[in-house]
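S.K.: What shape does this take:
(2 chains)
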2 protein chains.
Amino acid sequence: MKRTEIRQLFAAPESFDGAEVTVCGWVRTIRDSKAIGFIELNDGSAFKNLQIILETEKVSNFAEIVKLNVGSAICVRGRVILTPQAKQPLEVHADEVVLEGASTPDYPLQKKRHTLEFLRSIAHLRPRTNTFEAVFRVRSVAAYAIHRFFNERGFVYAHTPLITGSDCEGAGEMFRVTTLDPKNPPLTEDGAVDFAQDFFGKATGLTVSGQLEGECMAMAFGKIYTFGPTFRAENSNTARHAAEFWMIEPEIAFADLADNMELAEDMIKYVLSYVLEQCPQEMAFFNSFYDKGLIERLDGIISSDFGHITYTEAIEILEKAKDQFQYPVYWGCDLQTEHERYLTEQVMKRPVFVTDYPKEIKAFYMRLNDDRKTVAAVDLLVPGIGEIIGGSQREERLDVLLSRMGELGLDPADYSWYLDLRRYGGTKHAGYGLGFERLIMYMTGISNIRDVLPFPRTTGSAEY
Amino acid sequence: MKRTEIRQLFAAPESFDGAEVTVCGWVRTIRDSKAIGFIELNDGSAFKNLQIILETEKVSNFAEIVKLNVGSAICVRGRVILTPQAKQPLEVHADEVVLEGASTPDYPLQKKRHTLEFLRSIAHLRPRTNTFEAVFRVRSVAAYAIHRFFNERGFVYAHTPLITGSDCEGAGEMFRVTTLDPKNPPLTEDGAVDFAQDFFGKATGLTVSGQLEGECMAMAFGKIYTFGPTFRAENSNTARHAAEFWMIEPEIAFADLADNMELAEDMIKYVLSYVLEQCPQEMAFFNSFYDKGLIERLDGIISSDFGHITYTEAIEILEKAKDQFQYPVYWGCDLQTEHERYLTEQVMKRPVFVTDYPKEIKAFYMRLNDDRKTVAAVDLLVPGIGEIIGGSQREERLDVLLSRMGELGLDPADYSWYLDLRRYGGTKHAGYGLGFERLIMYMTGISNIRDVLPFPRTTGSAEY
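M.R.: Okay, the predicted model is just below:
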């Protein structure tokens, strides 16, 4: 008999009234009282468990089944009984229970509260807990929402490379990718490592951004986005940094900073709405157990207009409150998380785009403003997190770009293909990067990036 | 005035009849005759170009515009005129043309045929050609189809890690990922490289498969899939191998090899149907210029039932035709592409699942059949390519798995988390891997993997 998923039962209880079904899943709890047993069964298709009722008279292996350890896998054939008065809309009365795979008394996920720290040490099992079932389903649904959003708007999904021959953006330290002998690498006559003998014939690393390649695609398709893994070899052991994370990077041609912000605002609202609609139980769970104001805050963001201030205005506001901050505030400083959160939480009380940063603290490819001091950069700050999106209008003027590269000591020969985009039909264009894990943390109230990545990679840790 | 995309015009020509629009894009061709100019404009939103008509009397910078080089970016304000008698459903009569970014006479994509080899050398510009605009749009649409397919069926999208601490599958040679000094790495007392001092505190590499981690997720969610980059440090300079490619790996619990094949067949048919429906112009282009029988073959696959034979049956068939092959055929041999293509093209004349391979030529985690000689493995062979999918039912019996690992000299301690999946509620389960680039090659008739990856990474080459 074909297996029925628990989500199908919960989606249309009436249509299963009295039906015989086979459900398969893992035992979350089990108890028995005399001749009757109760199993909470979870099959991962629905957040909520299905209640299974066993009677000793009907289920031939009753005694064996009610002694099963938590975590065991079973298949149950039985009848669906609607229970409109109960919390659950239905239950299944078992006629037959088949043990698929037993568990043991030392199963680490016994029915009690575990700390997130402990669960990190069993990342291969933690998706079987309420918290991580909810986190990783929200992650999956949010990823799908991203693809839907861009697809509905006609964007082309571009797979930019992960292994790269140059640290083009200088956005962070890179991991080296190599097949050279780690102990005795080949050397050149000068005694340097001879990367010409490495797999790709040169030194390569893991990308910190697909943006520059994304721009190539945008100059053909007009509107593209990337969504893939990105890397930082930074020794920052914080709750917000992972060495491997996923990033979304749209790039739009014939577009300026205002178009860029409009796209970012639409995207954030779309993803939040989609997840709230598709994952009501998971979101209610986070709202109850991780962040009491979560759903109200997300609803507020969906219905609000995001704020807009310039960096210069932001500095003026922050200077008035500088006693509250650990880091100094002055025109030209990089905004710290404490500054960002003050602006979005205390001042604007909603997400806010901060634009037009000093060119000295931003990347070479950002478009120089007419004041020649600032660039058309934008960061989106959100309550509870700080920066969630960073973007800019790109410098499309070849002469200005070359001059900026000269100021920064970048060799144009290393970027000839990137400069070609300005030589041959360059256009006004813009884009941004969204750290996917930051978005998931924001949506779930989970405060450590290690708990929104299935198998996190951080300084000193690459288990599984 | 808000920009209109060319795809919007082509999607509903009548609704734009006589309307004033602004279109922005890149000049594909330009010609003029006396007082009238013709521009074929492409903005990447539609495969077909939009015809722009310029009259010297109306467009003030007519003389400048008609002298533009191919590849220039322009914005055109004008009126939509329906042309039901012409090949194109409409054209735009310009009132104003603004130059966004000029091109030059040395623009590499002049109006003539270029070889795919030449275009590979300008990968940053090639998306502006018909072939690569079609390839990368099909790639994007196929990726979306994959996500839609699994999402509609309730699969959770799992992001498995790319940096990994162990070559668990042994599926291929790995790239090392490191931040150690390449020339003078720290050494242990024994004189070996001290990977304890590396970024992750151990030796790490780039994953060859997310399957084992995917199994962890499937043992919680029941049905999951991965879709992400995968790596092989293999020195194979062929038209079918890249060092970095994208792979789809679904994993299903409470499922056997038959369920696995059903899923794979449904998925292939879904993606082909979706792409044929969404990209009719691109597919017609491939059918005309790359593979005359393409659409007919794909339609045939959608409407056919895939064949099923065992490896043992396949060997019997191949032995009868062994004179045709370069490689020897015998029970126990690994099937070569020539064998695979003979089976699917000459014998079955449709896609065929080959199952139950000798355990010696397959991975340790594949489920041992009752004959104890073969395992529940499956490869899907398709005409024109050979193997496109490889999968198996997984060994869920702890004792059998441990015994297989012992035969192969694998240390159970290295796989304790993987073995836990059998200790705690293990279930019958199965999954497969689909190389995304192989699928794109199959759908487009493009025969070199370097031409379906935007920025391919192959032995000796990691440009851009």
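S.K.: use CA for all of it now, contacts and neighbours both
M.R.: Noted.
S.K.: A:N184: what's it in contact with?
M.R.: Residues counted as contacts of A:N184 (CA atoms under 8 Å, 6 or more residues apart in numbering or on different chains) are B:K183.
S.K.: Same check on A:A377?
M.R.: A:L257, A:T355, A:D356, A:Y357, A:K362, A:M366, A:R367, A:G390, A:G391, A:S392, A:Q393 are the contacts of A:A377 under CA under 8 Å, 6+ apart.
S.K.: In JSON lines, list those residues along with neighbour count and secondary structure.
M.R.: Converted to JSON lines, the contacts of A:A377 look like this (neighbours: other CA atoms under 10 Å in any protein chain shown; DSSP: H, G, I helix; E, B strand; the rest coil):
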{"residue": "A:L257", "neighbour count": "23", "secondary structure": "helix"}
{"residue": "A:T355", "neighbour count": "25", "secondary structure": "strand"}
{"residue": "A:D356", "neighbour count": "24", "secondary structure": "strand"}
{"residue": "A:Y357", "neighbour count": "27", "secondary structure": "strand"}
{"residue": "A:K362", "neighbour count": "17", "secondary structure": "coil"}
{"residue": "A:M366", "neighbour count": "24", "secondary structure": "strand"}
{"residue": "A:R367", "neighbour count": "28", "secondary structure": "coil"}
{"residue": "A:G390", "neighbour count": "20", "secondary structure": "strand"}
{"residue": "A:G391", "neighbour count": "24", "secondary structure": "strand"}
{"residue": "A:S392", "neighbour count": "29", "secondary structure": "strand"}
{"residue": "A:Q393", "neighbour count": "27", "secondary structure": "strand"}
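S.K.: Walk me through the domains of chain A.
M.R.: Per the record, chain A has its domains at A:6-101, A:128-172+A:208-451, by the TED database.
S.K.: ok, back up a step: taking the contacts of A:A377, tell me the two that lie furthest apart.
M.R.: A:L257 and A:K362 (15.0 Å; CA to CA).
S.K.: mind putting the domains of chain A in TSV, mean pLDDT included?
M.R.: As requested, the domains of chain A are arranged in TSV below (pLDDT from 0 to 100):
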stretch	mean pLDDT
domain A:6-101	96
domain A:128-172+A:208-451	96
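S.K.: Just put those domains in a markdown table and tack on distance to B:H429.
M.R.: As requested, the domains of chain A are exported to a markdown table (distance: least, CA to CA, whole Å):
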| stretch | distance to B:H429 |
| --- | --- |
| domain A:6-101 | 11 |
| domain A:128-172+A:208-451 | 16 |
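S.K.: Nearest to B:F38, out of these?
M.R.: Taking CA to CA as the criterion, B:F38 comes closest to domain A:128-172+A:208-451 out of these, the separation being 18.0 Å.
S.K.: now that closest one, how far from the centre of its chain.
M.R.: From the chain centre to the centre of domain A:128-172+A:208-451 is a distance of 12 Å (CA atoms, centre = their mean, to the nearest Å).
S.K.: residue boundaries of the strands in the stretch 351-464 of chain A?
M.R.: A:352-358, A:374-382, A:386-393, A:429-435 (DSSP state E, counting those that start in this stretch).
S.K.: which residue packs closest to the residue of chain A most remote from its centre, ignoring adjacent ones?
M.R.: If you look at how far each residue of chain A sits from its centre, by CA atoms, centre = their mean, the farthest one is A:E57, at 49.3 Å. Nearest non-adjacent residue to A:E57, counting by CA to CA, 6 or more residues apart in numbering or on different chains: A:A35, 7.6 Å away.
S.K.: A:A253 too?
M.R.: Spatially, and ignoring its direct neighbours in sequence, A:A253 is nearest to A:H429 (4.3 Å; CA to CA, 6+ apart).
S.K.: what's the answer for A:R367, then?
M.R.: Across the structure, with CA to CA, 6+ apart as the measure, the residue nearest A:R367 apart from its sequence neighbours is A:E395 (3.9 Å).
S.K.: Wait, that neighbour touches A:L401, no?
M.R.: Yes - counting by CA atoms under 8 Å, a contact exists between A:E395 and A:L401, whose distance comes to 6.1 Å.
S.K.: ok, back up a step: ok, now which ones touch the residue nearest to A:E57?
M.R.: Contacts were defined as CA under 8 Å, 6+ apart; by that measure A:A35 touches A:E55, A:T56, A:E57.
S.K.: will you turn these into JSON lines that also has secondary structure?
M.R.: Below are the contacts of A:A35 laid out as JSON lines (DSSP: H, G, I helix; E, B strand; the rest coil):
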{"residue": "A:E55", "secondary structure": "strand"}
{"residue": "A:T56", "secondary structure": "coil"}
{"residue": "A:E57", "secondary structure": "coil"}
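S.K.: now those residues in CSV, with distance to A:C24?
M.R.: Supplementary listing: the contacts of A:A35 in CSV, determined by distance: CA to CA, whole Å:
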residue, distance to A:C24
A:E55, 18
A:T56, 20
A:E57, 22
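S.K.: Among those residues, which one sits closest to B:K112?
M.R.: In terms of CA to CA, no member of the contacts of A:A35 lies closer to B:K112 than A:E55, at 78.5 Å.
S.K.: who does the closest one bridge with?
M.R.: For A:E55, the beta-bridge partners are A:I36 (DSSP bridges).
S.K.: The residue in the stretch 201-350 of chain A that chain B sits nearest to: how many residues sit nearby?
M.R.: Using CA to the nearest CA, A:F221 is the residue of the stretch 201-350 of chain A that sits closest to chain B, at 3.7 Å. Neighbours of A:F221 under the rule other CA atoms under 10 Å in any protein chain shown: 29.
S.K.: quick one: it and B:S45 touch, right?
M.R.: Yes - A:F221 is in contact with B:S45 according to CA under 8 Å; the separation is 6.0 Å.
S.K.: Just want the phi and psi numbers for A:A142.
M.R.: Dihedral pair for A:A142: phi -70, psi -40, per degrees, to the nearest 10.
S.K.: This completes my enquiry, with thanks.
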